[in-house]
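K.L.:
One predicted model, sequence on top.
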Amino acid sequence: MKRSLKAGFSLVELVVALGIVSFALLSTVALLPLGVKSYKETIDETRAGFILTALEADLRNSAPIAGVTPQRSRLFGLLLPYEKDIATGATRFNSTIISATKNLMEGKETVGLSSAEVIVPLKESARYQASILYTRIPAAQSLTPMEGVLIVNWPPIQSTDPSDLTNTSVVSGFVQSAVAFSVP
């Protein structure tokens, strides 16, 4: 009985197998930057969503204090929709916002936030920009609610045009929410 000495793979089989494995590895490695970019975008959107929620809660839960001008929210320092009258102690819409009806940017308040969500100047180490645009400002004694749009965008921008806050050719991303503040 004669035995064959052919117990291994031929050189052609090895080259084909290495080609298939290298193609699969290169395809996987080529997808890594896309996955990292998607991961970073998801982190930014999630943080911005949390900031947006905190911003709305801050504006709704910061009670105005009599005699303090201008009335600002406790956490973000944004202009509150309400103020307290010194003479009567009654809560009313903020007169600073009511008088700012000439253009939309006069009703805009903006603050810069770092990656750790700490308030910083926009020009320094800000990662996010939190803004409120008061879009419907009622008359002084009106029963109409005050309306606004809360926007968190990244990176922060210095612009006089409110549409730049949500323009994806100017900012990398943004989240926004419409809010209404009822008559106090």
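P.N.:
Happy to help now that I have it.
K.L.:
need the longest helix for this protein.
P.N.:
Ranked by residue count, the top helix of the chain under DSSP state H comes out as helix 11-61.
K.L.:
What is it packed up against?
P.N.:
Counting contacts by 3 or more Cβ pairs under 8 Å, 6 or more residues apart in numbering; DSSP states H and E, helix 11-61 is packed against strand 128-136, strand 146-154, strand 173-181. (C-beta placed from N, C-alpha, C; glycine too.)
K.L.:
Please give the centre-to-centre distance between the first one and its chain.
P.N.:
Distance of strand 128-136 from its chain centroid, counting by Cα atoms, centre = their mean, to the nearest Å, is 11 Å.
K.L.:
before we move on, what about the second one?
P.N.:
A distance of 9 Å separates the C-alpha centroid of strand 146-154 from that of its chain, computed with Cα atoms, centre = their mean.
K.L.:
May I have the strands that pair with it, each with its orientation?
P.N.:
Pairing partners of strand 146-154, with direction, according to DSSP bridges: strand 128-136 (antiparallel), strand 173-181 (antiparallel).
K.L.:
Identify each buried residue in the first one, please.
P.N.:
Residues of strand 128-136 classed as buried: 128-134 (neighbour count, 16 or more other Cβ atoms under 10 Å).
K.L.:
now swap in the last one and tell me
P.N.:
Within strand 173-181, the residues that qualify as buried by neighbour count (16+ other Cβ under 10 Å) are 174-175, 179, 181.
K.L.:
Residues contacting that strand, please?
P.N.:
41, 44-45, 48-49, 52, 56, 59-60, 81-82, 93, 132, 145-154, 165-166, 168 (Cβ atoms under 8 Å, 6 or more residues apart in numbering).
K.L.:
of those residues, buried ones?
P.N.:
Counted by 16+ other Cβ under 10 Å, the contacts of strand 173-181 give 44, 48, 52, 59, 81-82, 93, 132, 146-154, 165-166 as buried.
K.L.:
Can you say which of the strands paired with strand 146-154 is nearest to residue 88?
P.N.:
Of all the strands paired with strand 146-154, it is strand 173-181 that lies closest to residue 88, at 19.8 Å by Cβ to Cβ.
K.L.:
and the closest one, how far from the chain's centre?
P.N.:
How far strand 173-181 lies from its chain's middle: 9 Å, per Cα atoms, centre = their mean.
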